[in-house]
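Q: Only the shape, not the letters, is given here:
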């Protein structure tokens, strides 16, 4: 039986559900990270303030199944620079799909909606960063036209890259 999915914009009331999806999605990487790297990543994902801060500056698109959030992606408009992203880039953060829902095209649909949002708001360049252990994510990004711009400093003991796409 085909699962029915609904996409919508998240709100502050969704913080706890976002955190749970983050833990489930990123928890799948525990086995590929050294203990110290996993503990750092886990602390970040469990920290509700991360979601509060991102929701304040972004559009968070979520996917629901049976009224439960099963996936998320944060689209951040330009003007929100970080050590990774220049001020004139918009970018995507924390794309995560609960492992029980992988293989249904949800990650790609979230990405498509983020790129569509960037086009609708006349962005020029959209960026994201990803790691050597995120094979499925890299495949989606590259199939959508994102190209590797540069290697970043290692995080959690693993290689990371900055990707970009002209919108």
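A: It's in. Predicted, not measured: the structure shown is a model, and the values here were computed from it.
Q: And for the helix of greatest length in the chain, what's in contact with it?
A: Ranked by residue count, the top helix of the chain under DSSP state H comes out as helix 106-120. Contact partners of helix 106-120, identified using Cβ atoms under 8 Å, 6 or more residues apart in numbering, comprise 5, 7, 59, 61, 63, 70-73, 75, 90, 92, 95, 97, 126, 136-137, 140-141, 143-144, 165, 167. Glycine gets a C-beta too; all of them are placed from N, C-alpha and C.
Q: PyMOL command to pick out the buried ones of those residues?
A: In PyMOL, this line selects whichever of those come out buried by 16 or more other Cβ atoms under 10 Å:
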select buried, resi 5+59+61+63+70+71+72+73+75+90+92+95+97+126+137+140+141+165+167
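Q: Give me the subset of the contacts of helix 106-120 lying in strands.
A: When DSSP state E is applied, those are split such that 7, 59, 61, 63, 70-73, 75, 90, 92, 95, 97, 126, 165 fall in strands.
Q: Taking those residues, tell me the two that lie furthest apart.
A: 70 and 165 (25.5 Å; Cβ to Cβ).
Q: Check which helix or strand residue 54 maps to.
A: Assessed by DSSP states H and E, residue 54 sits inside helix 48-57.
Q: got the buried residues for that helix?
A: 50, 51, 54, 55.
Q: Roughly how far does the closest residue to the last one other than its chain neighbours sit from residue 60?
A: Spatial nearest neighbour of residue 55, chain neighbours left out: residue 12 (5.8 Å); criterion: Cβ to Cβ, 6 or more residues apart in numbering. Counting by Cβ to Cβ, to the nearest Å, the separation of residue 12 from residue 60 is 10 Å.
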